[in-house]
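# could you work out the structure for the sequence below:
(chains A and B)
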2 protein chains.
Amino acid sequence: MSARNFPTAQDAENAFYEALERCDLEGMMAVWAEDEDIVCVHPAGPRLTGHDQIRESWARVFSAGPRARVHITSQVAISGMMLAVHSVHENFVLPQQAQGDARPVPIVATNVYLRTAAGWRMIVHHASPAPAEKPPAAAEAPPPKFLH
Amino acid sequence: MSARNFPTAQDAENAFYEALERCDLEGMMAVWAEDEDIVCVHPAGPRLTGHDQIRESWARVFSAGPRARVHITSQVAISGMMLAVHSVHENFVLPQQAQGDARPVPIVATNVYLRTAAGWRMIVHHASPAPAEKPPAAAEAPPPKFLH
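Reported below is the predicted structural model:
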């Protein structure tokens, strides 16, 4: 397992989406907390818990390909000392769409991060299909809000 | 607005599902934090943010009826000083099912609570339809149709 350390929840989130785009299973699993209470819900999927189920699911996703680009927009973030919650829109662009002007596939995700001895790690990823989003106004997104 | 105070995140969660079962809009909104960054995703729905959008959505849900019973199972909870995250299975039994032996409609939900000056309040409710609850037999699972 990777010894990567994420100083902030945002660092962990960036690594999560980089691993997703690269179909990088080791990179993906290095983002997750080493805890059996981790939870992952893929779009329209069941709730998966624990490393074995979650690792296996990402292995399937990555083996099926194709690699997609993911643009994150409209983040809402709230952070405590130990937990951070990010709500995001994931806009997937599939390789076959890249040449055209097809709209991204919209997914809404809730990501939760835990501060561990090894830095911030993901403990929940809950993704679900969303109706098409209005033109994204990512540049206008407010800054993350901190509790203290 | 109700002045109810929830000493724990679990108290807020209980009040949330009681309000949902009773189609009690005021009770429902009293569970939510008074914060414009609150997030609600109904099953297969878009992300809603802020009190106005969320209140309106619950008003629609409740006006459409019918009242359902909701049995919460398989809770996974993690709590910090300021934030608490509950992952649950919501098992809906609709009134027309009550006489028969129809299976509950399974929903997976991620609920996030914030400790405020007025006690614990909900800040995120993300619900999505789930396949019938069984330990997923990953080896037999069909190839994922979705992106992740």
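# quick one: the strands in chain A?
Using DSSP state E, the strands of chain A run over A:39-41, A:47-49, A:69-79, A:83-93, A:105-116, A:119-129, A:145-146.
# can you lay out the ones you listed as CSV showing mean pLDDT and mean neighbour count?
In short, each C-beta sits where N, CA and C put it, glycine included. What follows is these, written out as CSV (pLDDT from 0 to 100; neighbours: other Cβ atoms under 10 Å in any protein chain shown):
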stretch, mean pLDDT, mean neighbour count
strand A:39-41, 98, 23
strand A:47-49, 97, 22
strand A:69-79, 93, 19
strand A:83-93, 95, 23
strand A:105-116, 95, 23
strand A:119-129, 97, 24
strand A:145-146, 56, 11
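# so how far is stretch A:35-44 off the chain centroid?
Put simply, stretch A:35-44 sits 11 Å off its chain's centre (Cα atoms, centre = their mean, to the nearest Å).
# save the strands of chain A as a markdown table, and put in distance to chain B too.
Listed next are the strands of chain A as a markdown table, based on distance: least, Cβ to the nearest Cβ, whole Å:
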| stretch | distance to chain B |
| --- | --- |
| strand A:39-41 | 5 |
| strand A:47-49 | 5 |
| strand A:69-79 | 5 |
| strand A:83-93 | 4 |
| strand A:105-116 | 4 |
| strand A:119-129 | 4 |
| strand A:145-146 | 6 |
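# any chance of the ones you listed in TSV, plus distance to residue B:128?
TSV is the format used below for the strands of chain A (distance: least, Cβ to Cβ, whole Å):
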stretch	distance to residue B:128
strand A:39-41	6
strand A:47-49	9
strand A:69-79	18
strand A:83-93	14
strand A:105-116	9
strand A:119-129	4
strand A:145-146	25
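# and of those, who's closest to residue B:104?
strand A:47-49 (14.9 Å; Cβ to Cβ).
# chain center to the closest one: distance?
Going by Cα atoms, centre = their mean, the spacing between the C-alpha centre of strand A:47-49 and its chain's C-alpha centre is 15 Å.
# next, count neighbours for the nearest residue to residue A:29 once chain neighbours are set aside.
Ranked by Cβ to Cβ, 6 or more residues apart in numbering or on different chains and with sequence neighbours excluded, the top spatial neighbour of residue A:29 is residue A:55, at 5.5 Å. Here the count is done by other Cβ atoms under 10 Å in any protein chain shown, and residue A:55 has 18 residues near it.
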